[in-house]
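Engineer: got a predicted structure here, sequence first:
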Amino acid sequence: MADGARDVWITGIGIVSSLGEGPEAHWQKLMQAQPSADTTTFAPFIVHPLAPINFDAQIPKKGDQRQMEPWQRIGTYAAGLALDSAGVKGKPDILSHMDMIVAAGGGERDLSVDSTILSGMPRVANPAAFLNEQLMSGLRPTLFLAQLSNLLAGNISIVHGVTGSSRTFMGEEPAGVDAVRIALARLQSGQSDIALVGGAHNGERPDLFMLYEFGRLNLKDRYAPVWERAKPGGFALGSLGAFLVLESRDYALKRGATPLAKLTAVLSDRTKRRAGTVTVGLNRLWQKIQTAIRPREAAILSGASGAEPATAEERAFLQEHGDIAVRSTGSYLGHAFEPQFPMNIALAAVTLGHDRLFPPCDSTGLERAMEEPLSQIVVTGVGHWRGEALALIEKAG
C-alpha cells in the first residue's frame with residue numbers, strides 16, 4: 001500500500017485439496033460447514049487427504065509424471081489450473097516473461113531405504129561404513145536431484161512453459177508468506193507485470209507424522225475443528241496445491257483479463273515466540289493496515305494450524321478484533337505449511353467473488369454468522385513454530 005504503488009489483481013486461481021479441485025468445489029464444501037478428515041489410514045494421526053485427481057489433465061506426459069514426487073505433481077497440476085483460470089495457458093508471449101515464485105519443502109523420504117538402514121545399523125560392526133554403503137547402493141541416482149526444492153518450479157517450466165524469472169523459497173509457513181509478499185512487491189513497484197506464485201504439499205507421508213510427533217504437534221485419535229482442539233492441540237496434516245496468477249492492473253486491462261480480487265497488502269514478521277509475542281506481533285502488523293479496514297464489510301480467514309501455543313495466541317488477537325467475523329480454513333484443509341498462506345489468499349478471493357462469508361464451523365463462539373456483503377478479507381498466517389503474517393484482499397474495483 002505504498003504511495004505510488006500499482007494496483008495488483010488476482011486473475012487466476014488454481015487450487016486442489018481434500019475439498020476437491022477448483023474454486024467452485026471448494027466453495028460448495030465450505031458452504032456445507034461439515035469438514036471431514038481421514039482418521040484411519042494413518043491412525044492414530046489425522047490427515048486431510050487429497051481428493052481424487054486426474055493428473056493427465058494438466059500433466060499429459062506420463063514420463064513427466066513419473067519423474068515427479070507426489071508434491072511436485074500436486075503443485076504442477078495446481079499451477080496449470082491457475083494458468084487456465086487466468087487465460088494465459090499456452091500463450092508463450094505471456095509465459096516467456098511471467099515471473100514464478102514457489103514456496104517448497106524438501107523432498108520425500110525413500111522409506112524402504114530408511115527402514116533398511118535403521119534396522120541394519122544396530123547389527124553391524126561398522127555402522128558408518130554400512131550407512132555409506134547403503135546410501136551409495138540403495139538410493140536411486142536421481143533421488144537427491146528429485147529432492148531439490150526448486151524442481152517444482154522446474155517442472156512447471158517444463159510442463160507449462162513458464163520461463164520468466166524463477167525463485168524458490170524454503171522455510172515452512174514463512175516461505176509461502178514471502179513468496180506472495182515478494183511477488184506483490186515486484187508487481188507494485190513495476191519490476192514485474194505478471195507472476196505465478198504458490199506451492200504444494202503432500203501430507204500423506206509417514207515420515208512427516210514421525211517428524212512432527214517428535215515435537216508433539218500432530219492431532220491424534222479424534223478430529224475436531226481448529227478452535228475446538230483441547231490442549232495440547234495439534235495440527236492435522238493436509239495435502240494441497242495452491243497457485244495464483246497475480247498481475248498489475250494496467251497489464252491485466254491491456255490483455256483484457258478479468259480480476260477475481262485485488263491483493264492490497266502482505267505483511268510479515270517473526271517474533272521471538274515468548275509468551276504473548278504472537279498476539280503482540282499480529283497487532284503490530286494490524287496497525288499497518290487498520291486504516292484501510294472497514295469492519296462492517298470485512299472478515300478474517302485464519303490460517304491457524306491448531307498447534308499450541310501459537311493458536312491460542314492468535315485466538316487472543318482475533319478476540320481483540322471481535323467486531324470482525326472469523327473463519328478458520330484449517331478445520332477443512334488441514335495444515336500444509338508452505339502453500340497454506342497462498343491457499344487462504346485464494347479462498348479469500350473465492351469468498352469475495354460470492355459476496356458473502358461461508359457459515360461458521362465452531363462451537364466455541366469465536367466464529368459467528370455474518371449476513372452483510374463482503375468487500376474485504378484479512379488472511380492471517382501464524383507458523384506453528386516461526387513467522388506471523390497478514391494479507392489484505394479486496395474486491396477489485
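Structural biologist: Noted; the coordinates are in hand.
Engineer: use CA for all of it now, contacts and neighbours both
Structural biologist: Fine.
Engineer: CA atoms of stretch 250-261 as CSV?
Structural biologist: Extracted in CSV, the C-alpha atoms of stretch 250-261 (Å, rounded to 0.1, in the frame of the first residue of the first chain):
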residue,chain,number,x,y,z
ASP,A,250,-2.6,-2.0,-16.1
TYR,A,251,-1.2,-5.2,-17.6
ALA,A,252,-4.4,-7.1,-16.9
LEU,A,253,-6.5,-4.4,-18.5
LYS,A,254,-4.2,-4.3,-21.5
ARG,A,255,-4.7,-8.0,-22.2
GLY,A,256,-8.4,-8.0,-21.3
ALA,A,257,-8.1,-10.0,-18.1
THR,A,258,-11.0,-10.1,-15.6
PRO,A,259,-9.9,-9.6,-11.9
LEU,A,260,-11.0,-12.1,-9.3
ALA,A,261,-9.9,-9.8,-6.4
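Engineer: and that stretch, how far out from the chain's middle?
Structural biologist: 24 Å (Cα atoms, centre = their mean, to the nearest Å).
Engineer: equivalent analysis for stretch 348-362, please.
Structural biologist: Centroid separation for stretch 348-362 versus its chain: 18 Å, with Cα atoms, centre = their mean.
Engineer: list of residues touching that stretch?
Structural biologist: Contact with stretch 348-362 is made by 10, 23, 27, 30-34, 225, 227-228, 260-261, 299, 301, 327-328, 331, 367-377, 379, 393-395, as judged by Cα atoms under 8 Å, 6 or more residues apart in numbering.
Engineer: now which of those residues would you call buried?
Structural biologist: Buried by 16 or more other Cα atoms under 10 Å: 10, 23, 27, 30, 225, 227-228, 260-261, 299, 301, 327-328, 331, 367-368, 370, 374-377, 379, 393-395, out of these.
Engineer: can you pull out the strands in the stretch 151-300 of the chain?
Structural biologist: 166-169, 194-201, 237-238, 240-248, 261-269, 298-302 (DSSP state E, counting those that start in this stretch).
Engineer: and of these, who's closest to Ser149?
Structural biologist: strand 166-169 (7.3 Å; Cα to Cα).
Engineer: with distance to His48 and mean pLDDT added, can I get the strands of the stretch 151-300 of the chain in TSV?
Structural biologist: As requested, the strands of the stretch 151-300 of the chain are arranged in TSV below (distance: least, Cα to Cα, whole Å; pLDDT from 0 to 100):
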stretch	distance to His48	mean pLDDT
strand 166-169	24	95
strand 194-201	11	98
strand 237-238	5	98
strand 240-248	9	98
strand 261-269	27	97
strand 298-302	17	98
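Engineer: show me the contacts for the nearest residue to Ala224 once chain neighbours are set aside.
Structural biologist: Among residues not flanking Ala224 along the chain, Ser331 sits closest, at 7.5 Å (Cα to Cα, 6 or more residues apart in numbering). Neighbouring residues of Ser331 by Cα under 8 Å, 6+ apart: Pro35, Ala224, Pro225, Val226, Cys361.
Engineer: 10 Å instead, please
Structural biologist: Residues in contact with Ser331 (Cα atoms under 10 Å, 6 or more residues apart in numbering) are 33-37, 48, 223-228, 235-236, 303-306, 361-362.
Engineer: show the buried residues in these.
Structural biologist: Among the contacts of Ser331, those that count as buried by neighbour count (16+ other Cα under 10 Å) are 35-37, 48, 223-228, 235-236, 303-306, 361-362.
Engineer: pull out the buried positions in the strand or helix carrying Ala348.
Structural biologist: Using DSSP states H and E, the element containing Ala348 is helix 340-353. Within helix 340-353, the residues that qualify as buried are 340-353, counting by 16+ other Cα under 10 Å.
Engineer: I am finished for the moment; much appreciated.
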